[in-house]
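**Student:** sequence first, predicted model second:
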Amino acid sequence: MQSLSLPCPDDWHLHLRDEGLLATTVPASAKVFGRAVIMPNLVPPVTTVAQAMDYRARILKQVPAGSEFRPLMALYLTQSTTVAMVKDAAEQSEVIGFKLYPSGATTNSDAGVTDIEALDTVFAAMAEYQVPLLVHGEVTHAEIDIFDREKVFIDTKLRPLLARHPKLKLVLEHITTADAVDFVVSQGENVAATITPQHLLMNRNDMLVGGIRPHNYCLPILKRREHQQALQQAAISGNPKFFLGTDSAPHAQDKKEAACGCAGCYSAPAALELYAHFFEQMGALDKLADFASHFGADFYGFARAEDTLTLVRESWTVPATVDTSVGPMVPYWAGETLAWKIQD
Ligand SMILES: NC(=O)N[C@@H](CC(=O)O)C(=O)O
Ligand SMILES: [Zn+2]
Ligand SMILES: [Zn+2]
């Protein structure tokens, strides 16, 4: 196959950051994706509809002419989120839902949730108004091993939450384990998951064997190969509960290559090509369009894209660095080649 056309894909999990960085991050994603869910973990976090619409306006200023990129804003769930705020979100079409960060779980999650059960009236309102809850699914207790944090979150927090609110529309973001795959499959149609390129293409050996590779470090952390294989099978299974969310999460080179490096892979410069690389490796290129362009839109209740995007078989190398307002940034897969390229 020399070229592959698919309906314009969507990115259901994306970090664009703010200010000067938007000049780099917005065009990189707008070039490829029609819609994207914009994560709210700024400092300070995006907690209200008004803040989200201001942030959205800053994003739209950087969308290149001719692009119809649509940022769908996620609000940061905090211990102070109210039922009235859920109603506000339900009424704003450009706000997609709330993002639950367990406090301390990941980058800029300090303002996140410390007591999930205490927010039960808020979750009840989300279920009633069908406002989706997007979840970073990891516990943060010091005594729980970092490789077990997703599974423990599912067992101790997520199952009980969905038992209390069976109609809650919920996306378990950036899943990393066979346990998460099994959990999502076992739930109703209201529960889905996003999968990142790095969790499909890599396991923890790729981060730790032969030297530590900070650009492959993200949260939830890469797991063992058996978990990677479970994610791979889920992505190519044709099950509509699993769809594309890059979790492209830019951090400057000096913040990644540091004694205490930041978590996150900046995959946007090659995101769709990385997924194409993976689907081809699995002999499943015919499943890419469902995963990248159909299933997420179906889950969230959006129309499937009508315009198309074409990938051509043309080898290229992901740049070593990208210049940004905060200094050079090393993209995920930097210096490696990819066989598929987006047609200009
Ligand atoms: N995935 C990451 O490792 N980092 C994300 C936060 C997140 O999605 O958890 C970031 O904002 O940098
Ligand atoms: Zn996360
Ligand atoms: Zn993320």
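**Tutor:** Okay, I see it. Ligands and ions are numbered 1, 2, ... in the order given.

**Student:** burial count for residue 221?
**Tutor:** 18 (other CB atoms under 10 Å). (Glycine included, C-beta is placed from N, CA and C.)

**Student:** is it true that it touches residue 204?
**Tutor:** Yes. At 7.0 Å, residue 221 and residue 204 qualify as touching, with contact defined as CB atoms under 8 Å.

**Student:** can you point out the buried residues in stretch 299-316?
**Tutor:** 299, 300, 305, 309, 311 (16 or more other CB atoms under 10 Å).

**Student:** can you pull the buried residues of whichever strand or helix holds residue 120?
**Tutor:** Here residue 120 sits within helix 120-129, counting by DSSP states H and E. Neighbour-count burial for helix 120-129, counted by 16+ other CB under 10 Å, picks out 122, 123, 124, 125, 126, 127.

**Student:** near ligand 1, which residues of the stretch 101-250 of the chain are found?
**Tutor:** The stretch 101-250 of the chain comes close to ligand 1 at residues 106, 107, 136, 218, 219, 247, 249, as judged by CB under 6 Å from any ligand atom.

**Student:** can you get me a residue count around residue 342?
**Tutor:** Residue 342 has 17 nearby residues by other CB under 10 Å.

**Student:** show me what it is bridged to.
**Tutor:** residue 311 (DSSP bridges).

**Student:** mind checking pLDDT for it?
**Tutor:** The model reports residue 342 with a pLDDT of 97.

**Student:** kindly report the same for residue 161.
**Tutor:** At residue 161, pLDDT is 98.

**Student:** looking at this, it is in a helix?
**Tutor:** Yes. Assessed by DSSP: H, G, I helix; E, B strand; the rest coil, residue 161 belongs to a helix.

**Student:** my read: residue 190 touches residue 165, true?
**Tutor:** No. If you go by CB under 8 Å, residue 190 and residue 165 don't touch, sitting 9.5 Å apart.

**Student:** from the stretch 201-344 of the chain, which residue is nearest to ligand 2?
**Tutor:** The minimum distance from the stretch 201-344 of the chain to ligand 2, using CB to the ion, falls at residue 219 (5.9 Å).

**Student:** what's the nearest residue to residue 340 if we skip its chain neighbours?
**Tutor:** residue 276 (4.1 Å; CB to CB, 6 or more residues apart in numbering).

**Student:** my error: substitute residue 82 in the last question.
**Tutor:** residue 122 is the one closest to residue 82 (CB to CB, 6+ apart), at 6.9 Å.

**Student:** how far out from the middle of the chain is the helix holding residue 120?
**Tutor:** Distance of helix 120-129 from its chain centroid, counting by CA atoms, centre = their mean, to the nearest Å, is 23 Å.

**Student:** name the helices or strands packed onto it?
**Tutor:** Helices and strands touching helix 120-129, by 3 or more CB pairs under 8 Å, 6 or more residues apart in numbering; DSSP states H and E, are helix 83-91, helix 159-164.

**Student:** end to end, how far does stretch 311-323 reach?
**Tutor:** Its start and end residues considered, stretch 311-323 measures 25 Å (CA to CA, to the nearest Å).

**Student:** show me what the mean pLDDT comes to for it.
**Tutor:** Here the average pLDDT along stretch 311-323 is 98.

**Student:** stretch 106-115 now?
**Tutor:** Rounded mean pLDDT across stretch 106-115 is 96.

**Student:** same deal with stretch 74-86?
**Tutor:** For stretch 74-86, the per-residue pLDDT averages 98.

**Student:** next: stretch 199-212.
**Tutor:** On average, stretch 199-212 scores 98.

**Student:** ok, it near ligand 2 or not?
**Tutor:** No. Legend: contact between stretch 199-212 and ligand 2 by CB under 5 Å from the ion is lacking; minimum distance shown is 11.6 Å.

**Student:** now that stretch: buried residues?
**Tutor:** Per 16+ other CB under 10 Å, stretch 199-212 contains these buried residues: 199, 200, 201, 202, 203, 204, 207.

**Student:** quick check: end-to-end length of it?
**Tutor:** End-to-end distance (CA to CA), stretch 199-212: 17 Å.

**Student:** ditto for stretch 158-174
**Tutor:** End to end - CA to CA - stretch 158-174 spans 15 Å.
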